[in-house]
Each structure stands twice: as C-alpha cells, then as structure tokens.
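Enquirer: Quick one, structure for this:
(chains A, B, C and D)
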There are 2 protein chains.
Amino acid sequence: MTTYDNDALKPIATVDLAIFSLAPAGLSVLLVRRANAPFSGEWALPGGWIHIDEDADLEGAARRVLKEKTGVETPYLEQLQTTGSADRDPRGWSISIVYIALLSADDVTEGQDAMAEDAAWRPIEGEGAGLSLAFDHAALLKEALGRIRSKVEYSSLPGHLLPVRFTLSELQSVYESLLGRKLDKSAFRKRVAEADFLEPVEGEMRRASNRPAQMFRLKDAQSLVLFDRRI
Amino acid sequence: MTTYDNDALKPIATVDLAIFSLAPAGLSVLLVRRANAPFSGEWALPGGWIHIDEDADLEGAARRVLKEKTGVETPYLEQLQTTGSADRDPRGWSISIVYIALLSADDVTEGQDAMAEDAAWRPIEGEGAGLSLAFDHAALLKEALGRIRSKVEYSSLPGHLLPVRFTLSELQSVYESLLGRKLDKSAFRKRVAEADFLEPVEGEMRRASNRPAQMFRLKDAQSLVLFDRRI
DNA sequence: CTAAGTTAGTTGACATTTATCACTAAGTGA
DNA sequence: TCACTTAGTGATAAATGTCAACTAACTTAG
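Expert: Numbering: from 1, shown residues only, chains lettered A, B, ... in the order given. Okay, the predicted model is just below:
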C-alpha cells in the first residue's frame, strides 16, 4: 500500500445533489447555473467541495449544500452512487458522491425566499435524457431518475413529494404520474394500508363539491417504506 | 463555490472491497492483515488509495485491488456505498468507496496461487456482526452482507458464487443456505426459468449414483438478473 | 437380472393471494 | 329532490403459491 507523499496525487472530491420536487408541471429537478470555470454559464446539479473543516461527514456535506440552495433542512435524503475518473473534470482526477433529495410541495412553496438566486426548477421531460449539463451531470441525473422511477414501484417514495397533508386520491395521482400508468383504486389502497406508512389527520378532511376525503400524513417524513410487492 | 487553494484540504480517498465466495464452510469474505499503521496487525477489507496516474476510474481502481489480492479479473462487481467522515481514519478526513465482488468457486480454486499472502478467507458466522476489523470496516461489511442477503430474495446473485457449471439442485441449495430457509423445488424452478438467466450446457450431466442432472451456466457472468417477485 | 435406494424433474389438486370492476357513501349545486 | 362528482368498500374471477405425489434415470447390492 502506498501513501500520499504528495497531496497533488489526491483526487478532487465533491458532493452533488439531484433535488426533486413536484412542480405543477410534474417532477422537476433543481439546477444551478455555474458562475466559474469549468463549464461557466452552463447548468449543473447543485454541489460543492467537501469542506473538511466544516463537514462532519458526507451526509453533512450534502445537507449543507441542500440548505445553501433551498433553505430546507430535513428532507428525504439518500445516497445514490459515486462516480470518479480521470477525465470527468478538466481540473483532474475527480470523485462525485451523488445524493438524491426529495422536497415536499410545502418545502418548495415555503422555501421560495430562501432559494439561491442562481438556482431554478426544471421539469423533467420524458426520460429526462435530453438535458445538456456541465461535467457528467446529465448521466448522473439520468441515474437518479432511474432510481426514483424504480423505487416508485415498491416504496412510499411519492409520499415525500406531496404537501405534508394529502388525500389518498392525491397520493395515487402522484404514483400514476411518476409511473406513467393508471392504478386500480382498490388495490392501491390495500397496498398503502399494508405498508402502514400513513396516519390519518383526525377530523381533517379535504372538502370540495363532492364527498369529503380523509387527509393523511407520513408517519416518518425522513424515511422510505419498502413494499413486499410492486404497487 | 470555493476552490482547493491548498491540497491539504482535500479528503483522502480509498476504494475498499467486500469480496465474497462460497467456501466449503459457507459464505466467506476475504480479509487482509494490515502491515502498516494505523491499525497495524489488524484485519481489514482489502483496499487501497486511488492511483490517479494508473486508475482510469473508480471501477478500474476496484478491479486493480481485486486482481492484486485474488488474481481474478472478471468477477461480478457492484458499487455498494460511499462513507466519508472526519473521524473514520486517524490520518484525517477520509472517504471510502466500497465495492462488492462475488467470486465463483472456480475463481477461488484456480486463483489460490495468485492470492496475496496477507489475505485469508473468513467464513461469515450468523449476521457477521461479530468481527472486529480496522477502521469502520466491520460496519461496511455488515452493510455489504445486508445488500447480498436482500438481493438473494429477488435476483440471480447466488449464481455468481457457484462454479461456472452447476445443476439446478446445487443452485437451489445456495439460495437456501444464503436465505436460511428451505424452498419449494417446483416454485424455485419456475422462477429460475422465468428469469431466464441460465442456459443448459448441452450434453453435460452431473453423474452420481442416481439420475443424472442437467448442468447449467450463467448466460452472463458479469450481470445480475432481477426477478419480478421474490424467489 | 432384478429390486432397492437415491436424486432429477414434472404434474396436478387445492389454498391463498391479487386483480378487476361494480357498488354504496357523502357531499355540492341546480 | 335529483343529478353529478369523488370517496371508499366489497364481491367475484383470475392468477399464483403450496404441497405432495408421481415418473424418470441412474447405481449398487444381492
């Protein structure tokens, strides 16, 4: 085993985030416009160097970046993957640890003031492959989308994109929009009940010109519940 | 965004591997005894610095370490997770990108000469939580075991631990031993047939003092096939 | 040569689970 | 009071899993 006699032999390490929310237009990702070289002026996933004097660990670094860009402190946060190669950054051998964050619709509306000026929500169109982003961020975003789409099939993931309180019908629409197909109401409710990640907000109903609907909230806003079978 | 004016501000980055095989005693992991500080003399997962002049990318670094320790070049290899914190290595802020590798029984027997002298196979007992390893490697190993055990439920993973050619009954035993429960022969064969990751080796049979069994091999020795439902 | 023993591989009956779709419930507004 | 809309539940058909019996193909003992 060799040692790093020379720090110049160390790779560069950054933490990058794929931050998702449900804008009215559907699933959207937060992008920032780069101010400096390389790729100055181009859009990229929010991210930054690890600050070894400030960040206790990788997840701490991810939370710091998230707070800087959105003002949100306690979202759903999950490590996606790590890429690293000699040529993904013109400045040298670099590593990117990528996290996925899901923001509730309430986080987005409440956090509008706190949001960084260089940041913007971009709706995902189709497979989301069409975007041109700095570094290898288009590929990273594609991976993140793949992970999200796959987890919708067998987890409570969509619950983290809604407002804090929502009805079962609203939850079902989010599943349907992320999956791109209709679900049966009865089967959907059976799955949700079994998975046991919701609790009713007692006495609170969504009222419209029809039968009122019971409102629910996630039992745990930070964690994902996996289903036994597909939704 | 800040820049690294000083390389001393960069974290240390290593690639570590949880390399598994099926020794006669059951699932086993390859450990190496550390020759240098820190944790000199203690057992650890095989790993090493990223060599920015030699490794093209992270997976390349993982393959290099794997070859150094086992002589094997083309195993099943999968990125598990990345940990990084200020205190996991006494030398400073450090990142470890952890890979899981699965070696076929043939790899192990053929590669015995090529295996590094400081390395040894250690059988996993129970949950594998009892081992005391350098750094946070005990926790990393536990994560790796969790990933493997969970993937056995819905993937072709056990096929990568057997010799290149094997019978369906042998495959079923490996599933059973990793899952810790018996499976129904008929249901098992239905799943395996549906998942379509095996091909028969025409004319080749396992002979014993009973009816001969058809031998099979993986259609693709590097990739995992996921099932629609649990095994 | 034959019968007993062993494991491979298949088949079918039955129980359980899951999908599909129709139904009842509870509100609004004309 | 009736038409309309969405919420929520139940009933039946289809699919799937479980269990165990069955046939097949070999070796070995007598």
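
Enquirer: Just say helix, strand or coil for A:S28.
Expert: strand (DSSP: H, G, I helix; E, B strand; the rest coil).

Enquirer: these two touch, right, it and A:I19?
Expert: No - assessed by Cβ atoms under 8 Å, A:S28 is found out of contact with A:I19, at 9.2 Å. Yep, even glycine has a C-beta here, placed from its N, CA and C like the rest.

Enquirer: Have a look at those two and say which one is more surrounded.
Expert: Comparing A:S28 with A:I19 by other Cβ atoms under 10 Å in any protein chain shown, the one with more neighbours is A:I19, at 28 against 20.

Enquirer: Helices of chain A, residue ranges please.
Expert: In chain A, the helices defined using DSSP state H lie at A:58-70, A:105-110, A:137-152, A:168-179, A:185-195.

Enquirer: what packs against the longest one?
Expert: In other words, helix A:137-152. Packing contacts for helix A:137-152, counted by 3 or more Cβ pairs under 8 Å, 6 or more residues apart in numbering or on different chains; DSSP states H and E, involve strand A:12-23, strand A:26-33, strand A:76-85, strand A:94-102, helix A:168-179.

Enquirer: Same check on the fourth one?
Expert: Helix A:168-179 sits against strand A:26-33, helix A:137-152, helix A:185-195, strand A:210-218, with contacts defined as 3+ Cβ pairs under 8 Å, 6+ apart.

Enquirer: Can I get the ones you listed in a markdown table including distance to A:F39 and mean pLDDT?
Expert: Listed next are those as a markdown table, based on distance: least, Cβ to Cβ, whole Å; pLDDT from 0 to 100:
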| stretch | distance to A:F39 | mean pLDDT |
| --- | --- | --- |
| strand A:26-33 | 10 | 96 |
| helix A:137-152 | 9 | 96 |
| helix A:185-195 | 42 | 96 |
| strand A:210-218 | 37 | 97 |
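
Enquirer: now, of those, which is deepest in the fold?
Expert: strand A:26-33 (a mean of 20; mean count of other Cβ atoms under 10 Å in any protein chain shown).

Enquirer: how does chain A divide into domains?
Expert: Annotated domains of chain A cover A:7-148, A:157-218 [automatic domain parsing].

Enquirer: from these, which stretch is densest packed?
Expert: Highest mean neighbour count of these: domain A:7-148, a mean of 18 (counted as mean count of other Cβ under 10 Å).

Enquirer: Contacts only, for the residue nearest the centre of chain A.
Expert: Closest to where the C-alpha atoms of chain A average out (Cα atoms, centre = their mean) is A:A101, at 3.0 Å. If you count contacts by Cβ atoms under 8 Å, 6 or more residues apart in numbering or on different chains, A:A101 has them with A:17-20, A:62, A:66, A:72, A:75-78.

Enquirer: Who does it form a beta bridge with?
Expert: Assessed by DSSP bridges, A:A101 has beta-bridge partners A:I19, A:L77.

Enquirer: gap between it and DNA strand C?
Expert: For A:A101, the distance to DNA strand C equals 30 Å [Cβ to the nearest atom of the strand, to the nearest Å].

Enquirer: Distance of the closest residue to A:A105 other than its chain neighbours relative to A:Y175?
Expert: Excluding its sequence neighbours, the residue lying closest to A:A105 (Cβ to Cβ, 6 or more residues apart in numbering or on different chains) is A:P163, at 4.5 Å. From A:P163 across to A:Y175, the span is 16 Å (Cβ to Cβ, to the nearest Å).

Enquirer: And A:Y154, by the same measure?
Expert: 11 Å.

Enquirer: Check A:A44 too.
Expert: Taking Cβ to Cβ, one finds A:A44 at 30 Å from A:Y175.

Enquirer: Roughly how far does A:P24 sit from A:V174?
Expert: From A:P24 to A:V174 the distance is 13 Å (Cβ to Cβ).

Enquirer: List the residues that contact the nearest residue to A:K67 once chain neighbours are set aside.
Expert: Using Cβ to Cβ, 6+ apart and skipping the chain neighbours, the partner closest in space to A:K67 is A:E73 (5.8 Å). Neighbour list for A:E73: A:63, A:66-67 [criterion: Cβ under 8 Å, 6+ apart].

Enquirer: what does chain A put close to DNA strand D?
Expert: A:167-169, A:185-186, A:189, A:206, A:208-214 (Cβ under 7 Å from any atom of the strand).

Enquirer: Out of those residues, which two sit at the greatest distance?
Expert: Across the residues of chain A next to DNA strand D, no pair lies farther apart than A:S186 and A:S209, at 23.9 Å, counting by Cβ to Cβ.

Enquirer: And the helix or strand of chain A with the lowest mean pLDDT, what does it pack against?
Expert: Sorting the helices and strands of chain A by mean pLDDT, DSSP states H and E puts helix A:105-110 at the bottom, at a mean of 92. Applying 3+ Cβ pairs under 8 Å, 6+ apart, we find helix A:105-110 packed against strand A:12-23.

Enquirer: Which strands and helices lie in contact with the strand it packs on?
Expert: Counting contacts by 3+ Cβ pairs under 8 Å, 6+ apart, strand A:12-23 packs against strand A:26-33, strand A:47-49, helix A:58-70, strand A:94-102, helix A:105-110, strand A:119-123, helix A:137-152.

Enquirer: If we use 6 Å, what do you get?
Expert: In terms of contacts (3 or more Cβ pairs under 6 Å, 6 or more residues apart in numbering or on different chains; DSSP states H and E), strand A:12-23 is packed against strand A:26-33, strand A:47-49, helix A:58-70, strand A:94-102.

Enquirer: what's the angle between it and helix A:58-70?
Expert: Angle of strand A:12-23 versus helix A:58-70, following axes from the mean of the first three to the mean of the last three Cα atoms, to 10 degrees, is 50 degrees.

Enquirer: tell me the angle of strand A:12-23 relative to strand A:26-33?
Expert: For strand A:12-23 against strand A:26-33, the angle by the same axes, to 10 degrees is 140 degrees.

Enquirer: contacts for strand A:12-23?
Expert: A:28-30, A:45-47, A:49-50, A:61-62, A:65, A:94-103, A:105, A:108, A:121, A:141, A:144, A:161, B:11, B:95 (Cβ atoms under 6 Å, 6 or more residues apart in numbering or on different chains).

Enquirer: Thanks a lot, catch you later.
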